[in-house]
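*Asks:* Sequence first, predicted coordinates after that:
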Amino acid sequence: MTKIRKNSEVMDSDNATQIGEIPVQKMSESVYVGMCHKIGTPQQVASRRDITDIMELLNNQSDDFGRSMISGSRREGFRLLDSDLDNMFWQTNHRVIWDFSQSEYYNIHRQVMILCDSSESPAGFTLLWLPLERAGQGVLLSCVRMNGGLYISSSKYRDNKCTFNPDDTIHGPCSSGTSGPLEYDAAYCFVSDFWPPSAASWMDRCHSWPPLHVVNDIVRNGCHFVAIGHKLGNHEDNEWRISFSQAENKIVYSMNHTQFLTYGLMKLFLKEIINNGLRDEDKLLCSYHMKTAVFWVIQQNTLPLWCPQNLLAGFWVCFKLLLKWVYEGISPNFFIPENNMFLSKIHGQAQTSLFRRLYGLYEKGIALLLHSPSIRSSIIDVLCNPRLTVCTDEHTLISEAEFDIELFVEIFSNDSLQTSDLQHCMKYIQTIEQLIGSPLSQYHVVSLQKHTATILHCTAYILHNMYTSTGVNKQMYIADKMPCHMLKLAAKFGCISDMLYIAMYYYKTLRYREALSIIEMTKVKLARPYLILVYRGHVDRERYTEAVGGQSCSTKMRQAVAMNITLCNGICYISELLPEQLSSRQNKGSSLLIPPFVLIHMLEFLCSRHVDTMRAQAALDELQALVHHDQGLYVDNDTRDISWEILGICQQIAGNLQAALYSYQQSLGQYPFHKIQTATTERIQDLHLSTPHFY
């Protein structure tokens, strides 16, 4: 460590003030603009958070015994390509307490009391003891006997919980896997309503940051316990780590945008420079270390003003703190400083090598960021044009149309409340009614509108299917009137494509002419030149701005947005697609996503067969042309399997069996996003059985 000691003597010098003749303030402004494009403007980040918050709040209404929380970078507002989806799950009838006197706040006959025993654990970790030796079966199966008491083993609990999906792997305290293009981590944990005594000093440190109301909110909401022990602890397999994920989300939300971009810059610095070219096993630093460094720097008030002109100064202070930590081999947890997060990984030769790597970067000054593909161009722009005027005003960074595209993509990707359970629908609607009376941002409102439309779609079809099966006239009347009203209501504040749920309903109830009337109205609206197709992510900016520029998000969604039609696999919408829904459901698929242009041609074909055969053929021809020749304009890659399938179904109904066979084969050749191969294969077999001389 001799070389390290010598290097440390100059660690406090500041060689980051400029590159050449360019002041760091001007470069900071340029990097701020570049980071807004890479990570998001203040409003983009705010909209992502608001939409995610609403989705999580509603999702948690459907389960009386469990809760979930989105955590990690996506919850914080990042949408980087490698931002995975982190979720925490816990049972609401199991509560962790720090002292048995806290049990007085619970009905111990209904709630399972779990008592923390931190006497033999490193800082930030604890054992979880069942003093009454009573718990749910899944918890009891994860218990071990220690010192005469019954303790929940973190390793057993993790193994038991993380084996639900055979394709998942255990990563730290989480079950890791993939869902479409996204990677996810699911942590099964326990919750405490009380703030840990070992983190009491954190409250005393928060004089100026985070703000007092944030601190109070954090302490009031307690903490969680995730299933991983300390590698150097006496009970590694049985210990639990105290998790402050909920607190961290609230702290990141309280950052101003320059602070948030500094955190983002540290994440990019880690990925693109520090860890670049290293094998996974050689990556000693992680994103959590970067976040912790930013937290400490902001709280210690090292930089008096966090603004775009000081972005690189803030980054440099954070980097120097990280360098100091690696030199000393100590990275104090933000909430429990006694918990040294470097203790088990960064020591000895590994520590020396990492310090030398970081110090080599430190010697380059702020020019080290030229090694970052994400940041390089922002610095070079100023170097090549020293007189360049950089405007950091948010309204100049992104057009209204571009902002709205991302907003509606975010809303659609969080539209996950499709359910076939009527009780869940009722709980969702009750919660929405309560939310309407509370202070809401414009992003909360438009997100709630889409969720409400989705819930009304589900409720309408559930009620229709439920009552029509009784055959009682009065109930049949209710079964028609109520769903009709709900679907029309949903169309009033949903997006344009939501009208197709009405058309499907009219087809389902044999009202073909009424369905065709709705289809015609929808066609006219879908032909608008300023339409945002959410799954395409493109719009004619000038026409869009001219038509709906400056209007509310709600108005824009009603007048200028179309999304894929989502069919919950537990609900029958139209009988023609039941085999596909069943196949998808059997393969753990929750729904079918159908492009509105595909569904509109399908419905027009199905309805016209009963009233106008020439129009039916024309609709089938349009559907065939669309599916055969579309280059991603109206049918995205994820929906090509179901689009070919729908074409085949319509061709088979029309009697063109050769064409239907080709379409089914094409469906099998697409990316199996919907997992409908079983249905497709059965349809091909049916073709063979119904026409033995087909070939």
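*Replies:* Received the coordinates, thanks. Please read these numbers as outputs of a predicted model, since none were measured by experiment.

*Asks:* list the helices and strands the helix or strand containing Ile429 packs on?
*Replies:* According to DSSP states H and E, Ile429 maps onto helix 422-436. Packing contacts for helix 422-436, counted by 3 or more C-beta pairs under 8 Å, 6 or more residues apart in numbering; DSSP states H and E, involve helix 42-59, helix 442-468. Every residue, glycine included, has its C-beta placed from N, CA and C.

*Asks:* Asn238 is nearest to which of those helices?
*Replies:* Evaluated over the helices and strands packed on helix 422-436, closeness to Asn238 peaks at helix 42-59, with 30.7 Å, by C-beta to C-beta.

*Asks:* Where does pLDDT dip in the stretch 351-500 of the chain?
*Replies:* Residues of the stretch 351-500 of the chain that meet the criterion pLDDT under 70 lie in 469-478.

*Asks:* what sits against Leu57?
*Replies:* Each residue near Leu57 by C-beta atoms under 8 Å, 6 or more residues apart in numbering is listed here: 431, 435.

*Asks:* And for Val561?
*Replies:* When contacts are counted by C-beta under 8 Å, 6+ apart, Val561 is found next to 408, 495-496, 531-532, 534.

*Asks:* again, only this time at 6 Å
*Replies:* In this structure, Val561 makes contact with 408, 495, 532, judged by C-beta atoms under 6 Å, 6 or more residues apart in numbering.

*Asks:* Narrow those to those that are buried.
*Replies:* Judged by neighbour count, with 16 or more other C-beta atoms under 10 Å as the criterion, the buried members of the contacts of Val561 are 408, 495, 532.

*Asks:* quick revisit: could you list which of the contacts of Val561 belong to strands?
*Replies:* In strands, defined here by DSSP state E, the members of the contacts of Val561 are Ile532.

*Asks:* Which of the contacts of Val561 sits closest to Leu620?
*Replies:* For the contacts of Val561, the nearest to Leu620 is Cys495 (26.3 Å; C-beta to C-beta).

*Asks:* shouldn't that closest one be in contact with Thr555?
*Replies:* No: under the contact definition of C-beta atoms under 6 Å, Cys495 does not touch Thr555, with a separation of 11.3 Å.

*Asks:* before we move on, back to that, got a markdown table for the buried ones among the contacts of Val561, with distance to Leu526 too?
*Replies:* As requested, the buried ones among the contacts of Val561 are exported to a markdown table (distance: C-beta to C-beta, whole Å):
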| residue | distance to Leu526 |
| --- | --- |
| Phe408 | 15 |
| Cys495 | 11 |
| Ile532 | 11 |
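
*Asks:* quick one: which of those residues is nearest Met482?
*Replies:* Using C-beta to C-beta, the shortest approach to Met482 within the buried ones among the contacts of Val561 belongs to Cys495, at 22.4 Å.

*Asks:* For the closest one, which non-adjacent residue is spatially closest?
*Replies:* With C-beta to C-beta, 6 or more residues apart in numbering as the criterion, Cys495 has its nearest non-adjacent residue at 4.3 Å, and that residue is Val561.

*Asks:* tell me the phi and psi of the one you found?
*Replies:* Backbone geometry at Val561, expressed as degrees, to the nearest 10, gives phi -130, psi 140.

*Asks:* ok, now how distant is it from Phe412?
*Replies:* Going from Val561 to Phe412 by C-beta to C-beta, to the nearest Å gives 9 Å.

*Asks:* export the strand ranked longest in the chain as CSV, just CAs?
*Replies:* Among all segments of the chain classified by DSSP E, the strand with the greatest residue count is strand 85-97. Extracted as CSV, the C-alpha positions of strand 85-97 are listed here (Å, rounded to 0.1, in the frame of the first residue of the first chain):
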residue,chain,number,x,y,z
LEU,A,85,-37.3,-4.2,-13.0
ASP,A,86,-36.8,-4.6,-9.2
ASN,A,87,-39.8,-5.7,-7.1
MET,A,88,-40.1,-6.4,-3.4
PHE,A,89,-42.9,-8.7,-2.1
TRP,A,90,-44.0,-9.2,1.5
GLN,A,91,-46.9,-10.7,3.5
THR,A,92,-49.1,-8.1,5.3
ASN,A,93,-50.0,-10.5,8.1
HIS,A,94,-46.4,-10.9,9.2
ARG,A,95,-44.8,-7.9,11.0
VAL,A,96,-41.3,-7.5,12.3
ILE,A,97,-40.8,-5.6,15.6
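
*Asks:* Please state the offset of it from the chain centre?
*Replies:* Distance of strand 85-97 from its chain centroid, counting by C-alpha atoms, centre = their mean, to the nearest Å, is 18 Å.

*Asks:* in its sheet, what does the helix or strand just after it sit against?
*Replies:* Next helix or strand after strand 85-97 toward the C-terminus (DSSP H and E): strand 112-117. Sheet pairing of strand 112-117 (DSSP bridges) gives strand 85-97 (parallel), strand 125-129 (antiparallel).

*Asks:* Give me the three-state assignment for Leu265.
*Replies:* Counting by DSSP: H, G, I helix; E, B strand; the rest coil, the backbone at Leu265 sits in helix.

*Asks:* what's around the residue lying closest to it once chain neighbours are set aside, how many residues?
*Replies:* Nearest-residue entry for Leu265: Phe315, 5.1 Å, with adjacent residues in sequence omitted and distances by C-beta to C-beta, 6+ apart. Other residues near Phe315 come to 28 when the count uses other C-beta atoms under 10 Å.

*Asks:* Buried residues in the helix or strand hosting Phe315, which are they?
*Replies:* Here Phe315 is covered by helix 311-328, with elements defined by DSSP H and E. Within helix 311-328, the residues that count as buried by 16+ other C-beta under 10 Å are 311-323, 325-327.

*Asks:* For Leu526, state which of those is nearest.
*Replies:* When these are compared for distance to Leu526 (C-beta to C-beta), Leu311 comes out closest, at 43.2 Å.

*Asks:* ok, so what distance separates that closest one from Asp50?
*Replies:* Here the criterion is C-beta to C-beta. By it, Leu311 lies 24 Å from Asp50.

*Asks:* re earlier: distance-wise, check the residue nearest to Leu265 relative to Trp209.
*Replies:* Here the criterion is C-beta to C-beta. By it, Phe315 lies 18 Å from Trp209.

*Asks:* what comes into contact with stretch 63-78?
*Replies:* Under the criterion C-beta under 6 Å, 6+ apart, external residues in contact with stretch 63-78 comprise 45, 48-49, 52, 56, 60, 83, 85-93, 245, 249, 252.

*Asks:* Quickly list what Val226 is bridged to.
*Replies:* Beta-bridge partners recorded for Val226 (DSSP bridges): Cys189, Arg241.

*Asks:* before we move on, back to that, so the residue nearest to Leu265 makes contact with Lys267?
*Replies:* No: judged on C-beta under 6 Å, Phe315 makes no contact with Lys267 at a distance of 11.2 Å.

*Asks:* Closest to Glu133 out of the buried ones among the contacts of Val561?
*Replies:* The shortest gap between Glu133 and any of those belongs to Phe408, at 52.1 Å (C-beta to C-beta).

*Asks:* rewinding a little: need the max-distance pair from the buried residues of helix 311-328.
*Replies:* In terms of C-beta to C-beta, the buried residues of helix 311-328 reach their longest pairwise distance at Leu311 and Tyr327, which sit 24.9 Å apart.

*Asks:* Tell me where the stretch 201-350 of the chain has strands.
*Replies:* For the stretch 201-350 of the chain, the strands defined by DSSP state E, counting those that start in this stretch occupy 223-226, 240-243.

*Asks:* how far is the first one from where the chain is centred?
*Replies:* Which is strand 223-226. 21 Å.

*Asks:* Please name every helix or strand in contact with it.
*Replies:* Helices and strands in packing contact with strand 223-226 are listed as strand 182-192, strand 240-243; criterion 3 or more C-beta pairs under 6 Å, 6 or more residues apart in numbering; DSSP states H and E.

*Asks:* most tightly surrounded among those strands?
*Replies:* Mean neighbour counts were compared across those using mean count of other C-beta atoms under 10 Å; the top stretch is strand 240-243, at a mean of 25.

*Asks:* the bottom helix or strand of this structure by mean pLDDT?
*Replies:* Sorted by mean pLDDT, DSSP states H and E, the helices and strands of the chain end with helix 2-8, the least confident at a mean of 40.
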